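J.: Next come a sequence and a model predicted from it.
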Amino acid sequence: MTGFLGLRADERTALFIDGANLYKAARGLGFDLDYKSLLAKVQANCRLVRAYYYTVIQEDKTQDYSPLRPLVDWLDYNGYSMVTKPSREYVDAQGRRRFKGSVDIELVVDMLVLAPKLDHIVLFTGNGDFRRAIEAVQAQGVRVTVVSTVKSSPPMASDELRRQADRFIDLAELESIIGRAAGQQRKARPAHDEEEFEEDDFEDEGEYEDEDDYEDVD
């Protein structure tokens, strides 16, 4: 019998969360994720081995403060295994400072290393570049569920990723379970809530378009 996210009580399970990709998908659907609720529901429905969260942290040499750091620290303290990497700064053709980076390799390596100890992987991403990694862990007998969305504009989940997964769950179906309205009580909520740190402004191998989107932490 399966429960939340198709989880089974007797299965050794791990979550792999592509932070920037998942946040962008959720915001595209008009809600924010409640990571505490997500973890609690997973723990109640399977034998959770790890819950990994991957993100790139902007390293601005002119500032000591990274707007994502409170979120990263909160997730780390509340049961997530954090995998972070500093961004790389460059200057574009117009002379503007930009930041880019990727944690794709780290996520793939961790999936492959942990796969022999797992029965089920739940991968939160729509990035089609992970299709081959999914195929590799499936060859080891691991069931893979992908969570993303095709209901946003544009769709976040690639067709090849959906076809490769044993099961695809659209993030829109989870809004009533692990979501809250985008920006809900934004100013009143604690600084560690994820909506205060708009991680999607940093895309893999992309750039921060507007650093003002990050709110100051009191």
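T.: Alright, I've got the coordinates. Numbers count the residues shown, from 1 in each chain.

J.: List the neighbouring strands of the lengthiest strand in the chain plus their orientation.
T.: Longest strand of the chain, by residue count under DSSP state E: strand 47-57. When sheet partners are counted by DSSP bridges, strand 47-57 sits next to strand 12-18 (parallel), strand 81-86 (parallel).

J.: avg pLDDT for the longest one?
T.: The average pLDDT within strand 12-18 is 98.

J.: Likewise for stretch 107-120?
T.: The model assigns stretch 107-120 a mean pLDDT of 98.

J.: just stretch 22-35 next, same as before
T.: The average pLDDT within stretch 22-35 is 92.

J.: that older thread, can you pull the buried residues of the helix or strand that the longest strand of the chain is followed by?
T.: Counting by DSSP states H and E, the element after strand 47-57 in chain order, helix or strand, is helix 69-77. The neighbour-count check on helix 69-77 (16 or more other C-beta atoms under 10 Å) flags 69-72, 74-75 as buried. From N, CA and C alone the C-beta is placed, and that goes for glycine too.

J.: With distance to Pro86 and pLDDT as added columns, please give those residues in TSV.
T.: Converted to TSV, the buried residues of helix 69-77 look like this (distance: C-beta to C-beta, whole Å; pLDDT from 0 to 100):
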residue	distance to Pro86	pLDDT
Arg69	11	79
Pro70	17	84
Leu71	16	86
Val72	12	89
Trp74	19	92
Leu75	17	95
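
J.: Most widely separated two among those?
T.: Arg69 and Leu75 (10.9 Å; C-beta to C-beta).

J.: just for the protein, where's the confidence low?
T.: 1-2, 59-67, 89-90, 97-99, 181-218 (pLDDT under 70).

J.: quick one: the helices in it?
T.: Counting by DSSP state H, the chain has helices at residues 19-29, 35-45, 69-77, 104-114, 131-138, 159-164, 175-178.

J.: For the first one, name the packing helices and strands.
T.: Here helix 19-29 is seen to pack against strand 31-33, strand 47-57, strand 143-148 when contacts are counted using 3 or more C-beta pairs under 8 Å, 6 or more residues apart in numbering; DSSP states H and E.
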